[in-house]
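*Asks:* need the 3D shape of this:
(2 chains)
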Amino acid sequence: MDWSWLPEYWPKLISGLWLTIELLLICSTLGFFFAVLIGLVRVSGPRWLAAIATGFCTFVRGTPLLIQLWLIYYGVGGLFPSIPGIQDSVLWPILRAAFPYAVFAFTVSVAGYVGEVMRGALAGVPKGELEAARAMGMSSFTVLWRIWLPRAVQNVFPTLAGEMVLTLKATPLAATITVHELFSRSTEVRQDTFLTYEPLLLVAGIYICLTAIIVVIFRYLENRIPKATLA
Amino acid sequence: MFESLQLLWIEEPGRGLSLLNGFYHTIQIAVGAYALGLTLGLCGALGKIHGSGITRWFLEAYTLLVRAIPELVLILLLYFSGTAGLNALLLSLGFERVDISGLMAGILVLGVVQGAYSTEVIRAAILAVPKGEQEAALAIGMSRTQTLFRITLPAAIPFAIPGLANLWLIVTKDTALLAVVGFFELATETKAAAGSTRAYFTFYMAAAMLYLSLTLVSNRAFSWLERRYTRGRAGSGAM
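*Replies:* Now for the predicted structure:
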């Protein structure tokens, strides 16, 4: 094992690590927000909107994330330069960078997978509790914010931890569209030093640590919220 | 937009044929990896339940590592170490080096990944079978092997089907990751076709539709299978 390259590439690896964490946090948060919307629409929205949301979830869950990522980056991103005048617009620096496409693709993916989870979770909250809240005079939004959503999240909390780990494990795919996150940094080291295993083993170790951190944080939070009483 | 649809046609200059060919390889790799995963998973589950301390420790490490490391990193690690390791083994045994075909390597790599997930699914399913059924089988004089194959495993199938169905869907999608190592499956063929014609959107959308159709057909098949195996069970509808 040869680790002499480590000091030289350390700063790059750290910056890659931060980008991975950034990608994970942004996409998980945005994705969860859209997932709740999808869950709400599918449980209580108008039928045509629910059908669209269901179709969206089926598409996202039925196709590989790598293909979605390439579809968005090369497919959609490739169409932008043909729009006249866009290269002079203020949006161009965003449309030209790879990072926003990765954020978009992973957010869509999280929304699709977690949307399915949230649909079940929202549907699983007993109707009586929501009716009781409404009878107390809460507005629909207050019911959602104080009763419906907390009760739903409580029931699927361990699943959400699992989804976050899956999102972390998906972030290396961003390397295929030139986002310089942790995995792409290891590829860089491999190409420069002709080492096969060491860089891969190092990033594998870092991903294991990140997974462990996510698991520990979620377990801590899980112990702090009251136990779910639903079956 | 519409002229690019002609590129999907089967005949030249359309790339439909190479896409379908890639799709065929994708299904081959997925079926092989799934079968290998199930075999490893069954052994792993039995090892976790009945094995000695060291077996259990080893299996715990296997499932934990595979589930914590990103598939992309695992695929590269297993691909390089697997091919190098196999050749080292063959050389030390006095055989010639072999070039492992892309198909075999893909099946091996994804199979090892699947094995870890299958282990957990099958273990949980076996543990869900009421102990009394196995004790009854032993009591009427069946050997442990007979009990396993005639009682425990058949009774565990209904518990395992939802998890195993999910794993099949995961492996079909994970085959796309092999594009990074350059196997000739659907994602690689699509990338090549899209790159040479510059009709990126059309080709990636077409590939997405192929994967989606595979998922939808599989869903149908598994829900049929689940209905069949839970038939006549108490509370079968609610599981």
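*Asks:* which residues of chain A fall in helices?
*Replies:* Here chain A has its helices, by DSSP state H, at A:6-44, A:47-62, A:65-70, A:77-79, A:92-96, A:99-124, A:127-135, A:140-142, A:149-170, A:182-193, A:197-224.
*Asks:* for chain B, same thing?
*Replies:* Under DSSP H, chain B gives helices at B:16-50, B:53-68, B:71-92, B:102-128, B:131-139, B:144-146, B:153-174, B:186-197, B:200-230.
*Asks:* next, format those as CSV and append mean neighbour count and mean pLDDT.
*Replies:* C-beta here means a position set from N, CA and C on the backbone, and glycine is covered the same way. Formatted as CSV, the helices of chain B follow (neighbours: other CB atoms under 10 Å in any protein chain shown; pLDDT from 0 to 100):
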stretch, mean neighbour count, mean pLDDT
helix B:16-50, 19, 93
helix B:53-68, 14, 93
helix B:71-92, 17, 84
helix B:102-128, 21, 91
helix B:131-139, 13, 92
helix B:144-146, 11, 91
helix B:153-174, 19, 92
helix B:186-197, 21, 86
helix B:200-230, 17, 92
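*Asks:* mind telling me which of the helices of chain A the model trusts least?
*Replies:* Among the helices of chain A, helix A:92-96 carries the lowest mean pLDDT, at a mean of 80.
*Asks:* list of residues touching it?
*Replies:* A:77, A:80, A:86, A:100 (CB atoms under 8 Å, 6 or more residues apart in numbering or on different chains).
*Asks:* of those, grab the buried ones for ChimeraX.
*Replies:* Listed next is the ChimeraX selection for buried residues among the contacts of helix A:92-96, using 16 or more other CB atoms under 10 Å in any protein chain shown:
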select /A:77,100
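*Asks:* what would the contacts of helix A:92-96 look like in TSV with distance to residue B:189?
*Replies:* Formatted as TSV, these follow (distance: CB to CB, whole Å):
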residue	distance to residue B:189
A:77	21
A:80	25
A:86	31
A:100	28
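*Asks:* out of the contacts of helix A:92-96, what pair is the most spread apart?
*Replies:* A:86 and A:100 (14.5 Å; CB to CB).
*Asks:* show me what from chain A comes close to chain B.
*Replies:* Residues of chain A lying close to chain B (CB under 8 Å from any CB of the partner chain) are A:58-59, A:61-68, A:70-71, A:74-76, A:78-79, A:165, A:168-173, A:175-176, A:183, A:196-197, A:200-201, A:203-204, A:207-208, A:211-212.
*Asks:* are any of these buried, and which?
*Replies:* A:58-59, A:61-68, A:70-71, A:74-76, A:165, A:168-173, A:175-176, A:183, A:197, A:200-201, A:203-204, A:207, A:211.
*Asks:* what's near enough to touch residue B:126?
*Replies:* Counting by CB under 8 Å, 6+ apart, residue B:126 has contacts B:45, B:46, B:49, B:152, B:153, B:156.
*Asks:* now do it against chain A, distance only.
*Replies:* 22 Å (CB to the nearest CB, to the nearest Å).
*Asks:* please apply the same query to residue B:100.
*Replies:* Residue B:100 sits 16 Å away from chain A, going by CB to the nearest CB.
*Asks:* check residue B:132 too.
*Replies:* 24 Å.
*Asks:* residue B:155 versus that residue, what's the distance?
*Replies:* 11 Å (CB to CB, to the nearest Å).
*Asks:* same check on residue A:24?
*Replies:* Counting by CB to CB, the gap from residue A:24 to residue B:155 is 41 Å.
*Asks:* so what pLDDT did the closest residue in space to residue B:25 that isn't next to it in sequence get?
*Replies:* The shortest distance from residue B:25 to any non-neighbouring residue, by CB to CB, 6 or more residues apart in numbering or on different chains, is to residue B:185 (4.6 Å). We have a pLDDT of 84 for residue B:185.
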